[in-house]
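**Q** Fold the following and give me the result.
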Amino acid sequence: MLKTDPDSEFLRTLSVLYVEDEDEVRELLTRFLVRRFDKVDVAANGREGLELFRAGHHDIVITDVRMPVMDGLAMAAEIKSMEKETPVIVITAYNEHEYFMRAIEIGIDRYITKPIDPGQLLSAIQRSTRIHLQQREIAEAREATANALTQVVAVLARAIECRDPYTDGHQKRVSALAEAVAEAMGLPPEQVVGIRVGAAIHDIGKIRVPTEFLSMPRRLSDEEFTLIKSHVEAGIEILGDVSFPWPIGEMILQHHERLDGSGYPRGLKGDEICLGARIIAVADVVEAMSSDRPYRPAIGPQAAMDEIRTHRGSRYDAAVVDACLQLLEQDPLRYLAH
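**A** Numbering: from 1, shown residues only. Predicted coordinates for the structure are as follows:
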């Protein structure tokens with residue numbers, strides 16, 4: 001009787017592709033595999049196996065070597081060229097040097113000779129797929145961390161907006177628009193998430209700004225505006241040593257920078273400003289102009305769109321502006337206060 005491995009629950013979730021031309025052997029081993037794995041696809045030669053692999057995801061491939069139409073090593077070479085990390089286990093009755101050398105060149109993970117020992121095969125599968133288990137555990141840990149960070153970010157964002165009723169919902173709307181712009185630009189999902197998080201707390205430094213300045217019903221003096229501008233650096237100090245998997249600090253510090261160097265706090269230009277900050281800058285301006293402020297009513301979405309269109313490529317990143325305009329022209333009310 002085979003021992004139960006601690007990884008057996010993980011193994012059951014794997015998708016297996018099994019390729020064997022001998023009917024009796026294929027039937028026997030298929031019965032063994034379907035008892036242990038939720039999904040087992042079976043093929044009678046390399047060409048059929050390759051078609052099945054191309055048609056759907058497989059975590060591991062088990063194949064005979066000598067088969068009609070296309071042999072197992074030729075199929076394995078094709079699979080490795082498409083998905084290098086997919087483990088391939090070769091089963092063969094031929095213990096020949098030529099096959100071993102070809103298998104090594106292709107990058108075969110395990111080589112088992114017939115007659116097949118089920119315990120040996122299961123052990124080979126476990127060893128070959130252990131990296132998949134480790135990757136899944138890492139992904140789950142990262143997801144848990146990201147979820148925890150997202151909850152903390154939501155609390156921080158709410159804390160900021162409770163102090164300033166005129167910007168209530170501002171960060172949430174900026175975050176939604178920045179995320180949509182990043183997606184429209186075709187950025188990787190992980191980067192999109194980082195931009196969404198950075199935008200959700202881009203004004204965190206305003207916690208240190210006296211409330212009366214945030215809600216003053218008139219234009220601020222130069223001295224008062226200088227105090228307001230300090231919120232970007234205050235944001236970095238508040239976050240301190242918090243370790244995010246994205247450059248959140250840079251986004252917060254740079255979201256008021258402009259491509260032409262006219263922004264603050266450092267007067268950065270062009271590519272000196274990180275992409276996340278360039279995206280948040282556009283979303284921030286558009287949302288702010290579309291919302292009421294203590295010293296003025298909302299200017300409106302059209303004026304906001306005119307602003308970024310006029311300064312496209314000078315103050316604001318051209319690709320960001322193009323993506324933002326496309327979204328707003330389709331559905332402005334989805335992202336802006338109304």
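**Q** got any ranges where this structure has weak pLDDT?
**A** Along the chain, the parts satisfying pLDDT under 70 run over 1-8, 94-99, 132-133, 136, 165-168, 337-338.
**Q** residue ranges for the strands of it, please.
**A** 15-19, 39-43, 60-64, 88-92, 110-113 (DSSP state E).
**Q** highest average neighbour count across those strands?
**A** Across these, averaging neighbours per residue (mean count of other C-beta atoms under 10 Å) puts strand 60-64 on top, at a mean of 26. For glycine as for every other residue, the C-beta is placed from the backbone atoms N, C-alpha and C.
**Q** For it, what is the distance to the chain centroid?
**A** Relative to the chain's own centre, strand 60-64 is displaced by 30 Å; criterion: C-alpha atoms, centre = their mean, to the nearest Å.
**Q** Then stretch 245-262?
**A** Chain-centre distance of stretch 245-262: 21 Å, with C-alpha atoms, centre = their mean.
**Q** one step back: and of the strands of the chain, who's closest to residue 242?
**A** Closest to residue 242 of the strands of the chain, according to C-beta to C-beta: strand 15-19, at 38.4 Å.
**Q** The closest one to strand 60-64, inter-axis angle?
**A** 10 degrees (axes from the mean of the first three to the mean of the last three C-alpha atoms, to 10 degrees).
**Q** Identify the neighbouring strands of strand 15-19 in the sheet and state each direction.
**A** Its sheet considered, strand 15-19 pairs with strand 39-43 (parallel), strand 60-64 (parallel) by DSSP bridges.
**Q** Could you export the ones you listed as JSON lines, including distance to residue 205?
**A** JSON lines is the format used below for the strands paired with strand 15-19 (distance: least, C-beta to C-beta, whole Å):
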{"stretch": "strand 39-43", "distance to residue 205": "51"}
{"stretch": "strand 60-64", "distance to residue 205": "50"}
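**Q** Would you mind saying which of these lies nearest residue 298?
**A** Distance to residue 298, taken as C-beta to C-beta, is lowest for strand 39-43 among the strands paired with strand 15-19, at 54.3 Å.
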